[in-house]
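> need a 3D model of the sequence below.
(one chain, ligands or ions: 1)
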Amino acid sequence: ASPSNVPHEKIHVSVEVCLKPSSTARPGDVQKAVEQMLEKRSLSYVDGPIPVPNDDPFLMENVHRIRICDTDEWVKNHDILLFWQVKPIIHVFQLSEEGPCEELTGDGQLSSFNEWILPAKEFDGMWESLIYESGLKQRLLRYAASALLFTEKGVDPFLVSWNRIILLHGPPGTGKTSLCKALAQKLSIRFSSRYPQCQLIEVNAHSLFSKWFSESGKLVAKLFQKIQEMIEEENNLVFVLIDEVESLAAARKAALSGSEPSDSIRVVNALLTQMDKLKSSPNVIILTTSNITAAIDIAFVDRADIKAYVGPPTLQARYEILRSCLQELIRTGIISNIQGSSQYILSDYVTLKEKLKMHEIQEVQTTFHLCKQLAEAAEACEGLSGRTLRKLPFLAHAALDNPYCCDPNKLLNTMIDTAWRERSELPD
Ligand code: ADP
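Purely as a prediction, here's the structure:
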């Protein structure tokens, strides 16, 4: 880094420490041990896992994984973040293995919401697996962190106005629901010292209206009563995820035009009123998603403070998504005919571009060729959603002549064909 880039104040870098399920160690003790370990380590900081030192029996016994996070902003210009520039902020957590708890309605019907204890095992690694450009994830994380801080410090909402409602909108399959869950998981880890307990309630708005409306009203009432009970406990941080909010608007419209019973309008109104009530509680964050990209005409959307558009992945994001898929197939040995075996690391997009520019192909020809082919595949996937991209390697594998001897070049060629086929099936 050039001297002008060197900040005077230390840069805060998050270090997430995941305890083993069996660990009963006190988080404070683990935190201290990791702090000391990092001091001894004296290496630069880059996003990603770092090994648990095997000469430290306490950490070996208790810690499952240590991961450095959020250095991207500093490292992206190829600046190196040296240990003395960094103040590590250590977050110790243990994943809940309880799984979702589905609420049953009185008559044995599955109700329209799920409850999770965070951080949950099911959402582990989700944040890292979602790939967006232009710092979308960081922006959301910072926004939510500021909102929680303002609330905690008791900032008067009449003087400075903010709220804790986030809306992600964009085409289907772009990862909005996953991003909401991953964000809740991240925040539960980052704020665990302030809020030792954390839950996520997932409501599918659409399902609220698919059944009998008279039941829906009761469901909403029951749901919010439950949420209210949760947030009364001030050490609880509660996330409410409302998926597909556009169905609320649709139900309202249909009710007004008389094509649906007016009960539905009551349900929507009940939901909005309840949300307004929640707004005054400091320890709740409402996350919403919508598949409608145009302006969503619904009273509810005005309530959201941060409205982020989540679009189809760009070329670079497509490359990175496919790269992570391929890397996983190499790790698991599904892709077999590859030099350097399971240790093999594919270049990221930025590095590949640089290599192409410099015509730097002295390195193993085949691997460079593979990355170029991967870039071709990413080009061929224009217009496909992240969801389709993540399925592509599987579909291609199933279409191979000899899937048990999976050659990476053949797989990539088949992936390109599959991508074209998927694209031809997209609506205009
Ligand atoms: P949405 O709510 O927008 O319909 P989902 O959250 O259901 O989308 O996404 C489905 C899956 O697609 C995700 O679990 C993820 O595996 C994949 N996916 C979508 N977008 C991305 C992305 N930008 N990066 C990585 N994976 C993605």
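> for the closest residue to the ligand within the chain, what are its contacts?
Relative to the ligand, the nearest point of the chain is G386 (2.0 Å; Cβ to the nearest ligand atom). (C-beta placed from N, C-alpha, C; glycine too.) Applying Cβ atoms under 8 Å, 6 or more residues apart in numbering, one finds that G386 lies in contact with L130, I131, G173, T174, G175, P312, P313, A317, I321.
> and the fifth one, what does it touch?
Applying Cβ under 8 Å, 6+ apart, we find G175 in contact with L130, Y132, V310, G386, R387.
> how about a cut-off of 10 Å?
126, 129-132, 136, 168, 182, 289, 310, 313, 321, 385-387, 390 (Cβ atoms under 10 Å, 6 or more residues apart in numbering).
> beta partners of the closest residue to S96 other than its chain neighbours?
If you skip the residues right next to it in sequence, S96 has I117 as its closest partner in space, 4.1 Å away by Cβ to Cβ, 6 or more residues apart in numbering. For I117, the beta-bridge partners are Q199 (DSSP bridges).
> correct me if wrong: I117 contacts E98.
Yes. Assessed by Cβ atoms under 10 Å, I117 is found in contact with E98 at 5.4 Å.
> and the two? Which one has more around it.
Neighbour tally, I117 and E98, criterion other Cβ atoms under 10 Å: the higher count belongs to I117, 18 against 12.
> per-residue pLDDT, that one?
As summarised for this prediction, I117 has a pLDDT of 96.
> how about D407, phi and psi?
According to degrees, to the nearest 10, the main-chain angles of D407 amount to phi -90, psi 130.
> measure it to F123 for me?
34 Å (Cβ to Cβ, to the nearest Å).
> so between these two, which is more surrounded?
Set side by side, D407 and F123 give different neighbour counts by other Cβ under 10 Å, the larger being at F123 (21 against 14).
> look at the residue lying closest to the more buried one once chain neighbours are set aside and say how many residues are nearby.
Closest residue to F123 apart from its sequence neighbours, by Cβ to Cβ, 6+ apart: Q185 at 4.2 Å. Taking other Cβ under 10 Å as the neighbour definition, Q185 ends up with a count of 25.
> what does V86 give?
Using other Cβ under 10 Å, the number of residues around V86 comes to 19.
> so P172 makes contact with L384?
No. Counting by Cβ under 10 Å, P172 stays clear of L384, with 11.9 Å between them.
> helix or strand right after the longest helix anywhere in the chain?
The single longest helix within the chain, with elements called by DSSP state H, is helix 213-232. Per DSSP states H and E, helix 213-232 leads on to strand 236-243 as the next helix or strand towards the C-terminus.
> after that following strand, which helix or strand is next?
The C-terminal neighbour of strand 236-243 among helices and strands, as given by DSSP H and E, is helix 246-256.
> report the contact partners of D401.
K410, T414.
> distance check, it against P393.
According to Cβ to Cβ, D401 stands 16 Å off from P393.
> next up, the contacts around the residue nearest to S96.
L95, S96, E97, E98, G99, P100, C101, S188, Q197, C198, Q199, L200.
> ok, and which of those reach the ligand?
When contact is defined as Cβ under 6 Å from any ligand atom, the contacts of I117 do not meet the ligand at all.
> only the buried subset of these, as a ChimeraX command please.
The buried subset of the contacts of I117, as determined by 16 or more other Cβ atoms under 10 Å, is captured in ChimeraX by this line:
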select :95,96,188,198,199,200
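> adding secondary structure and pLDDT, write the contacts of I117 out as a markdown table.
Conversion of the contacts of I117 to a markdown table gives the following (DSSP: H, G, I helix; E, B strand; the rest coil; pLDDT from 0 to 100):
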| residue | secondary structure | pLDDT |
| --- | --- | --- |
| L95 | coil | 97 |
| S96 | strand | 94 |
| E97 | coil | 90 |
| E98 | coil | 87 |
| G99 | coil | 83 |
| P100 | coil | 85 |
| C101 | strand | 79 |
| S188 | helix | 96 |
| Q197 | strand | 94 |
| C198 | strand | 96 |
| Q199 | strand | 96 |
| L200 | strand | 96 |
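> any chance of the contacts of I117 in JSON lines, with distance to L219 too?
Converted to JSON lines, the contacts of I117 look like this (distance: Cβ to Cβ, whole Å):
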{"residue": "L95", "distance to L219": "30"}
{"residue": "S96", "distance to L219": "25"}
{"residue": "E97", "distance to L219": "28"}
{"residue": "E98", "distance to L219": "23"}
{"residue": "G99", "distance to L219": "22"}
{"residue": "P100", "distance to L219": "17"}
{"residue": "C101", "distance to L219": "16"}
{"residue": "S188", "distance to L219": "26"}
{"residue": "Q197", "distance to L219": "24"}
{"residue": "C198", "distance to L219": "24"}
{"residue": "Q199", "distance to L219": "18"}
{"residue": "L200", "distance to L219": "18"}
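> closest to P157 out of the contacts of I117?
Of all the contacts of I117, C198 has the smallest distance to P157: 22.9 Å, by Cβ to Cβ.
> report the separation between the closest one and G175.
Using Cβ to Cβ, which is the criterion applied here, C198 is 22 Å from G175.
> now R318
According to Cβ to Cβ, R318 stands 13 Å off from G175.
> who touches both of the two?
Taking Cβ under 10 Å, 6+ apart as the criterion, R318 and G175 both touch I131, G386.
> go through stretch 421-428 and flag the buried ones.
Judged by neighbour count (16+ other Cβ under 10 Å), stretch 421-428 contains these buried residues: E422.
> ok, back up a step: from the contacts of G175, which two are the most distant?
With distances taken as Cβ to Cβ, the most widely separated pair in the contacts of G175 is T289 and I321, at 19.4 Å.
> the two: which is more packed in?
T289 (25 against 22).
> excluding its backbone neighbours, what's nearest that one?
On the basis of Cβ to Cβ, 6+ apart, the spatially nearest residue to T289 that is not a chain neighbour turns out to be K176, at 4.2 Å.
> now do the contacts for the one you found.
Here K176 is in contact with 130, 167-170, 243-244, 287-291, 308-310, 386 (criterion: Cβ under 10 Å, 6+ apart).
> can you say which of those are buried?
Members of the contacts of K176 classed as buried by 16+ other Cβ under 10 Å are 130, 167-170, 243-244, 287-291, 308, 310, 386.
> among those residues, which are located in helices?
Using DSSP H, the members of the buried ones among the contacts of K176 that fall within helices are G386.
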